[in-house]
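Enquirer: Starting from these lines, generate the structure:
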Amino acid sequence: MKILGFKKIDAFTKGSSSGNPAGYVLLDRMDSLSEGEMQKLASELKGFVSEVGFACREPGGFHLKYYSSECEVAFCGHATIAIMYDLISTDTELLEEKELKIRVRAETLPVFNRLREEDAVYITAPEPGFLQRDISRNEIAEALGADVEAIKAERAVRVIDGGLRTLIVPLASLMDCIELFPDQEKLRRFSTEKDFDIVHVYTDEVSTKGTKYRTRVFAPKYGYLEDPATGSGNSAFGYYLIDEGMWEDDFSIEQGPSRNSPNIVRIRRLTGERADRILFGGSATTRIEGKYHLH
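Expert: The predicted structure follows:
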């Protein structure tokens with residue numbers, strides 16, 4: 001049996017919203033747990049957290065890995081927010097650092113500490129991939145259990161990788177977004193057949209002052225229907241807005257099915273010499289802290 005320090009942290013919340021729950025295990029070395037042990041721990045927590053993040057300190061920053069109840073995940077935005085918010089806010093030396101580095105499966109990413117100014121950390125999304133998929137609006141509507149008229153005809157449907165391969169679907173109204181309730185298994189089969197990871201739906205009709213878009217993200221591939229607040233999906237959406245010529249300024253997103261208490265994700269654009277990158281940010285709340293007994 002291994003006894004591990006464990007936290008359950010809700011990302012993208014400091015108020016009345018529920019956030020997105022992530023499990024978090026801090027390790028002395030990443031190889032102190034095997035891949036099988038990481039998967040076992042994440043599987044045991046199915047229904048309790050969306051993903052589990054494993055982190056360890058290394059020269060220059062931190063190494064992070066992520067597991068859902070079903071498999072390893074290439075990049076998990078909300079778990080990264082939860083972990084980095086906790087690490088920075090509980091360490092007086094890290095609290096003084098304005099920028100840190102994290103190593104994930106694809107690349108090394110900058111993390112920006114804005115706790116004192118905004119009570120938030122910002123994560124740099126992985127470099128985008130613009131993918132070609134043959135997916136019709138009728139197929140999407142069928143998979144989502146929605147009327148095809150709910151998909152906004154004048155906006156593009158795209159598949160963009162912002163950490164996870166994301167099908168981005170424009171919806172006509174806030175009610176079309178809020179009332180969406182797909183069949184999990186049907187949507188999982190659709191995502192497997194069309195070779196993407198998650199479905200991101202959006203509308204520019206919102207219910208919260210100060211936000212620009214309402215989004216929802218569905219992730220049946222990873223063993224659950226909905227991701228209530230996400231970094232990778234909304235990062236892909238940020239890259240979508242840039243590529244479609246729709247970006248106007250930095251903004252906040254309201255996410256989830258609740259009209260009055262959505263989760264809030266902040267999106268920024270970082271202009272670089274080679275290409276622009278999306279930053280996603282937010283705060284987090286620790287709900288449980290203790291020891292995990294892994295048999």
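
Enquirer: Identify the bridge partners of the residue nearest to residue 3 when sequence neighbours are not counted.
Expert: Using Cβ to Cβ, 6 or more residues apart in numbering and skipping residues adjacent in sequence, the residue nearest residue 3 is residue 291, 5.3 Å away. Using the backbone N, CA and C atoms, a C-beta is placed for each residue, glycine as well. Residue 291 forms beta bridges with residue 5, as assigned by DSSP bridges.

Enquirer: Tell me the spacing between residue 291 and residue 194.
Expert: According to Cβ to Cβ, to the nearest Å, residue 291 stands 42 Å off from residue 194.

Enquirer: How about the contacts made by the closest residue to residue 68 other than its chain neighbours?
Expert: In this structure, residue 68 finds its nearest non-sequential neighbour in residue 222, 3.8 Å apart by Cβ to Cβ, 6+ apart. Contact analysis of residue 222 by Cβ atoms under 8 Å, 6 or more residues apart in numbering lists 50, 51, 68, 69, 70, 71, 73, 197.

Enquirer: How is residue 36 assigned, secondary-structure-wise?
Expert: Assigned by DSSP: H, G, I helix; E, B strand; the rest coil, the conformation of residue 36 is helix.

Enquirer: burial count for it?
Expert: Counted with other Cβ atoms under 10 Å, residues neighbouring residue 36 total 8.

Enquirer: one step back: go ahead and build a ChimeraX selection from the buried members of the contacts of residue 222.
Expert: Selection of buried members from those for ChimeraX, criterion 16 or more other Cβ atoms under 10 Å:
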select :50,51,68,69,70,73,197
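
Enquirer: Mind picking the two most distant members of the contacts of residue 222?
Expert: The most widely separated members of these, counting by Cβ to Cβ, are 69 and 197 (15.0 Å).

Enquirer: Spell out the residue ranges of the helices in the stretch 51-200 of the chain.
Expert: 77-89, 92-95, 115-118, 137-144, 174-178, 184-194 (DSSP state H, counting those that start in this stretch).

Enquirer: Could you list the domains of the chain?
Expert: 2-113+284-294, 129-281 (automatic domain parsing).

Enquirer: which one among the contacts of residue 222 gets closest to residue 27?
Expert: Distances from residue 27 to the contacts of residue 222, taken by Cβ to Cβ, are shortest for residue 51, at 15.9 Å.

Enquirer: Pretty sure that closest one sits against residue 24.
Expert: No. The pair residue 51 / residue 24 is not scored as a contact, 9.9 Å apart, by Cβ atoms under 8 Å.

Enquirer: Overlap of the contact sets of the two?
Expert: residue 79.

Enquirer: Once you drop chain neighbours, what's closest to residue 108?
Expert: Per Cβ to Cβ, 6+ apart, closest to residue 108 is residue 101, 5.5 Å.

Enquirer: So what's the residue count around the one you found?
Expert: Neighbours of residue 101 (other Cβ under 10 Å): 15.

Enquirer: What's the separation between it and residue 14?
Expert: Separation of residue 101 from residue 14 (Cβ to Cβ): 25 Å.

Enquirer: can you pull the buried residues of stretch 283-295?
Expert: In stretch 283-295, counting by 16+ other Cβ under 10 Å, buried: 283, 284, 285, 292, 294.

Enquirer: Likewise for stretch 213-225?
Expert: 213, 214, 215, 216, 217, 218, 219, 220, 221, 222, 223, 224.

Enquirer: The third one reaches residue 235, doesn't it?
Expert: I take that to be residue 215. No. Applying Cβ under 8 Å, one finds residue 215 not in contact with residue 235, separated by 11.5 Å.

Enquirer: so what sits against both of those two?
Expert: By Cβ under 8 Å, 6+ apart, no residue touches both residue 215 and residue 235.

Enquirer: element containing residue 246?
Expert: Per DSSP states H and E, residue 246 falls between elements, in no helix or strand.

Enquirer: Spatially nearest residue to it, not counting backbone neighbours?
Expert: Residue 246 sits nearest to residue 240 (Cβ to Cβ, 6+ apart), 7.7 Å away.

Enquirer: pLDDT score for that neighbour?
Expert: At residue 240, the pLDDT value in this model is 98.

Enquirer: Return the distance of the residue nearest to residue 21 when sequence neighbours are not counted relative to residue 75.
Expert: Excluding the flanking residues, the one nearest residue 21 by Cβ to Cβ, 6+ apart is residue 49, at 4.4 Å. Distance, residue 49 to residue 75, by Cβ to Cβ: 16 Å.
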